[in-house]
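1. need a structure here:
(chains A, B and C)
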Amino acid sequence: MGFQKVFGRPRALKDAPFHYCPGCGHSIIHRLIAEVIDEMGLQEKAIGVPPAGCAVLAYYYFDIDMGEAPHGRGAALATGLKRVLPDRLVFTYQGDGDIAAIGTAETIHAANRGERITVIFVNNGVYGMTGGQMAPTTVLGQETTTSPGGRERIRDGFPLNLSEMLALTKGSAYIERTAVNNPKNIMKTKKAIEKAFRVQIEGLGFSLVEVLSPCPTNLKLRPVEAWRWVEENMMDVFPLGVIKDVQRD
Amino acid sequence: MSGNHAIGEAAVRAGCRFYFGYPITPQNEMTEYMARRLNEIEGGVFIQAESELAAINMVIGASMAGARVMTSSSSPGISLKQEGISFLCAMELPAVIVNMTRGGPGLGNIAPAQSDYFQATRGGGHGDYRTIVLAPSSVQELADLTMEAFNLADKYRIPTVILGDGMLGQMMEPVEFPDGEMQKPPPKDWTITGARGRPSRFIRSLLLDPAVEEEHNWKLARKYERIAAKEVRYEAYRLEDAKMVVVSFGTAARIAKGAIKRLREQGLKVGLLRPITLWPFPEIVLKDLAKRIGHFLVYEMNAGQMVEDVRLALEGRAEIFFYGRPGGVVITPLEMSRVITSKYYQKGLG
Amino acid sequence: MLIKTVFSGFGGQGVLMMGYLLAAAGMQEGKNVTYLPSYGAEVRGGTANCTVSISDDEIASPVASEPEYIVVMNKPSLIRFQNQVQSGGIIFLNANLVDMKPVRGDIEVCEVPANDLALKIGTDKAANMIMLGAFIKKTGLVSLETLKVVLKDVFTTKNPQLLELNEKALWEGFTYLEQGRQADASKADIS
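-> Just a heads-up that it's a prediction; the model follows:
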């Protein structure tokens, strides 16, 4: 009796080790996207738009066509791609600073136009690549290099619930918030990504999956502690679940 | 046909089916024309973006996908697009960008001016790059150079800027378009369209390794050298026996030409050099002229920008005068002829 | 020969149309032409103007600082433009809506009761065509025949019902001057 292969690298990922920090959520989310692309047979149709941020090097890992966007402009760039190639699967991969600070306008308007694109929004509550500065999604009290003593509402304002805002736009079709802090949530995240891609393919409108993800390095926590931190500190502010689904509502 | 409409129609005939823009005077007629025209055409896409930033990034996306694509704006809007133009250059993506310049800085005004010469010819955004810059001076030329801009952009994989002003955009003049079929974008082997039947590709501008970034910069520099060697365009008018050369582009060159015609009738030996490509700049032509002509008068509708390129080209070989009218002031050919005449006699040329 | 004309009046009086038709007729007759509408913030206030240049030679600037002719359809336009017209030039006045006279003595004034004449043929909306008819009669810049061809081109696509009315108005304005009231178009040749 021979060996049977039960686990391997998805075809949509290249044979390259991730550079992400130990315990970072990006590696998991990359893998989930690649698995969904494999399972839906979309490797030849998918075009990804990586952001400025830790995931800027995503094109070293995904074995699909990719085009890098300037910081925050993913949704606008993806709009251009999708309008030229309406039958391809176009998705952006964006961090919280990218999408909810510098790219807010592009994102809201792409959603409001009902662009048939999918956004994978990785929310880890800090600017990771630049060294842990305050993000638009940094929670109150959270210490970062630019919110010394913790985010304070009078000085720094509140964390921004972008996904809920996007759900208000008439053009958005499917928005769900998930997390990759435990196996159950990881599986839910995969399902959400698959659903978001389906919504795009069926032409229903704009779709987005916000994934709460730990950044152990900038939280200055061990990986397991960072997973727990996400659960204890972020999920109150950013509750998990389907925020909008035009097929269900 | 108005200049703004002529650019739009020329773009469509050049095979441009994608336009992304944001309203700003004095180029709104072009945006409106594209909205109407692309709506009529099979496969045409027009989006009024939420900002100039969004518009230029839609241009990046469409260009990555292989389309002929255009955006247009005016000075403050072009400032917002500069980030994207830098990315286009870094990623070697073709696109056509129209700037119907206004008087500036800041909001300035909507009158015809040439205040964005530096911004256009020095790249304008961050980084070490160039864009091809075409400066038409009539509505016919707006149309011709728009079609040419798409060809140059694709040939060199570089964004190409058309630098006009409100007067050129608003003015109507007769235009003839070349007969024949509408052009189609040429095949491209670098686009991202989904990795079907080929290895996957990526288009990026981030090159973290200094050695790799340096090599990329040199590669771009060599491309700019090729363009500079091959694509210089200019108009020479009555230079054969000239004792003084007026150097002007765009609207200013029209006025200078009118003045020179008048002065020629009075026997003054004056000619015009009108750069049509502002980058690459016709510096060799200027150098050659300086071998036999000692006096150059640069007239611009700004406070002195192209005059620096003239100085660089002449390297002290001839005397250079500058006459500038910034802020959107359009002088008459008569006023210009007075300016030329006074210098001409002051220098004992007549 | 280079002749510049400024057409001016209220927005809605068809001032830009007058200029456009003249430019198109000039082009039809093989001349170099430019047509420059006023643009931007200023037109939103309700005034409109445009400049038409017609020349045998290349046109250097489409802007007219000293036009040969000015067509004035309302009073504010007279105040604004009367000092720009060059010495020896002509101001065409819509006598129905302008109750003042230019103060300059070095120009010719050609008064046309454009609104009254237009009402005579049915609607004062055609006052612009009355004025244009009178303008070409006086200046001889383009022929009536060419203008009619251009008019047909423009209105066949735009609004065919209005073609006949506009043709009539052109003719009415053209013959108004022919009847000798302002007469002698030869004096207008100041090129």
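2. near chain B, which residues of chain A?
-> A:43-47, A:49, A:52, A:56-57, A:59, A:62-70, A:73, A:76-85, A:88-89, A:105-106, A:108-109, A:113 (Cβ under 8 Å from any Cβ of the partner chain). Bear in mind the C-beta positions are built from the backbone N, C-alpha and C, glycine included.
3. in helices, which of those fall?
-> In this view, these that belong to helices under DSSP state H are A:76-84, A:105-106, A:108-109, A:113.
4. so which of those residues wins on neighbours?
-> Neighbour counts for these, by other Cβ atoms under 10 Å in any protein chain shown, peak at A:A76, which reaches 34 neighbours.
5. quick one: residues contacting that residue.
-> Each residue near A:A76 by Cβ atoms under 8 Å, 6 or more residues apart in numbering or on different chains is listed here: A:69, A:106, A:110, B:49, B:53-55, B:57-58, B:61.
6. next one: B:R68
-> B:11, B:14-18, B:94, B:96, B:150, B:154, B:185.
7. what's the one helix or strand C:W171 maps to in contact with?
-> Secondary structure from DSSP states H and E places C:W171 in helix C:161-178. The contact list for helix C:161-178, computed with Cβ under 8 Å, 6+ apart, reads C:110, C:112, C:114, C:117-118, C:120-123, C:126-127, C:129-138, C:144, C:147-148, C:151-152, C:155-156, C:183, C:185.
8. and chain A, which of the contacts of B:R68 contact it?
-> By Cβ under 8 Å from any Cβ, the members of the contacts of B:R68 lying near chain A are B:F18.
9. closest one of the contacts of B:R68 to A:T137?
-> Sorting the contacts of B:R68 by distance to A:T137 puts B:F18 at the head of the list, at 33.5 Å, by Cβ to Cβ.
10. what count of nearby residues applies to A:F62?
-> 25.
11. can you check the one 3 residues further on too?
-> Residue crowding around A:D65 was assessed by other Cβ under 10 Å; the count is 30.
12. and stretch B:278-294, which residues are buried?
-> B:278-283, B:285-286, B:289-290, B:293 (16 or more other Cβ atoms under 10 Å in any protein chain shown).
13. also stretch C:151-162?
-> C:151, C:154-155, C:162.
14. measure B:V247 to A:V90 for me?
-> The spacing between B:V247 and A:V90, counted by Cβ to Cβ, to the nearest Å, is 47 Å.
15. hang on, the earlier thing: most surrounded residue in the contacts of B:R68?
-> Tallying neighbours with other Cβ under 10 Å puts B:V96 at the head of these, with 32 neighbours.
16. buried residues in the one helix or strand it maps to?
-> Element membership for B:V96, per DSSP H and E: strand B:95-103. Buried residues in strand B:95-103, defined by neighbour count with 16+ other Cβ under 10 Å: B:95-103.
17. helix, strand, or coil at C:I91?
-> Counting by DSSP: H, G, I helix; E, B strand; the rest coil, the backbone at C:I91 sits in strand.
18. identify the residue nearest the closest residue to chain C within chain A in space, chain neighbours excluded?
-> For chain A, the residue closest to chain C is A:A105, as judged by Cβ to the nearest Cβ, at 26.2 Å. In space, and not counting its chain neighbours, A:A105 is closest to B:E50: 5.4 Å by Cβ to Cβ, 6 or more residues apart in numbering or on different chains.
19. closest point of chain C to chain B, which residue?
-> C:A60 (2.2 Å).
20. now do the same contact list for that residue.
-> B:254-255, B:257-259, B:261, B:333 are the contacts of C:A60 under Cβ under 8 Å, 6+ apart.
21. do you know how far it is from B:A252?
-> Distance of C:A60 to B:A252, given as Cβ to Cβ: 10 Å.
22. pretty sure C:E66 sits in a helix.
-> No. Assignment of C:E66 by three-state DSSP gives coil, placing it outside any helix.
23. what sits against it?
-> By Cβ under 8 Å, 6+ apart, the contact list for C:E66 reads B:332, C:4, C:84-86, C:89.
24. looking at those residues, which are in strands?
-> Those of the contacts of C:E66 mapping onto strands are C:K4, per DSSP state E.
25. which of the contacts of C:E66 are close to chain A?
-> Answer for these near chain A: none qualify (Cβ under 8 Å from any Cβ).
26. burial of B:V232, as a residue count?
-> Neighbours around B:V232, by other Cβ under 10 Å: 17.
27. just the strands in chain A please.
-> Counting by DSSP E, the segments of chain A that form strands are A:46-49, A:65-67, A:89-95, A:118-123, A:126-127, A:133-134, A:172-179, A:206-212, A:241-245.
28. check the stretch 251-350 of chain B too.
-> B:270-275, B:277-279, B:295-300, B:319-324 (DSSP state E, counting those that start in this stretch).
29. rebuild the ones you listed as JSON lines, extending it with distance to chain C and mean pLDDT.
-> Putting these into JSON lines (distance: least, Cβ to the nearest Cβ, whole Å; pLDDT from 0 to 100) gives the following:
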{"stretch": "strand B:270-275", "distance to chain C": "11", "mean pLDDT": "98"}
{"stretch": "strand B:277-279", "distance to chain C": "20", "mean pLDDT": "98"}
{"stretch": "strand B:295-300", "distance to chain C": "12", "mean pLDDT": "98"}
{"stretch": "strand B:319-324", "distance to chain C": "15", "mean pLDDT": "98"}
